[in-house]
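[1] Give the three-dimensional model of this entry:
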Amino acid sequence: MRLAVVALLPLLAAAQPKPLRLAIAGLNHGHVTGFLTAAAQRHDVELAGVWDPQPELRAKYAARYHLAPDLFYADLGKMLDEVKPEAVATFTDTAAHAEVVEAAARRHITVMMEKRGAGAGNEARVRAIWRSGNRQL
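    Below is the predicted model:
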């Protein structure tokens with residue numbers, strides 16, 4: 001019986017779903033702390049990369065959550081191209097949501113955000129992306 005169980009281990013391991021490769025875009029929205037705390041406790045999510053244009057915020061969250069410095073990016077496009085996430089959770093201010101949606105949509109990456117893009121200009125940009133067939137919101 002033991003031999004049969006040992007022989008099945010590779011098959012059982014292969015049957016386990018791979019974790020979702022998730023990137024974070026923006027660190028200035030307060031909800032990111034709860035999100036990072038929850039993600040650290042999950043086995044079905046892999047933090048693939050974190051983008052924020054502000055070096056102080058990148059340093060703050062790297063230290064607070066003991067995250068490797070190479071996980072952080074100052075350039076959103078570079079992060080998306082290098083880490084190839086399956087989804088992006090957006091924690092920017094609402095004015096920057098459209099920038100994240102546009103960058104992710106060009107790469108066919110699903111985007112999660114709290115608000116679609118408060119403000120008339122942002123809302124219009126996000127809706128235009130949606131109508132263009134990039135339905136990853």
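
[2] mean confidence score for stretch 59-76?
    Stretch 59-76 carries an average pLDDT of 96.

[3] May I have the distance across that stretch, first residue to last?
    The straight-line separation of the ends of stretch 59-76 (Cα to Cα, to the nearest Å) is 16 Å.

[4] how far is it from where the chain is centred?
    Its chain's C-alpha centre and that of stretch 59-76 lie 13 Å apart, by Cα atoms, centre = their mean, to the nearest Å.

[5] Provide the partner residues of the residue most central in space within the chain in its beta bridges.
    Against the mean C-alpha coordinate of the chain, by Cα atoms, centre = their mean, the closest residue is residue 23 at 2.2 Å. For residue 23, the beta-bridge partners are residue 49, residue 88 (DSSP bridges).

[6] List the residues that contact it.
    47-51, 79-80, 83, 85, 87-89, 109 (Cβ atoms under 8 Å, 6 or more residues apart in numbering). For every residue, glycine as well, the C-beta is placed using N, CA and C.

[7] Reformat those residues into JSON lines and put pLDDT next to each item.
    Converted to JSON lines, the contacts of residue 23 look like this (pLDDT from 0 to 100):
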{"residue": "47", "pLDDT": "96"}
{"residue": "48", "pLDDT": "97"}
{"residue": "49", "pLDDT": "98"}
{"residue": "50", "pLDDT": "98"}
{"residue": "51", "pLDDT": "98"}
{"residue": "79", "pLDDT": "98"}
{"residue": "80", "pLDDT": "98"}
{"residue": "83", "pLDDT": "98"}
{"residue": "85", "pLDDT": "97"}
{"residue": "87", "pLDDT": "94"}
{"residue": "88", "pLDDT": "94"}
{"residue": "89", "pLDDT": "92"}
{"residue": "109", "pLDDT": "91"}
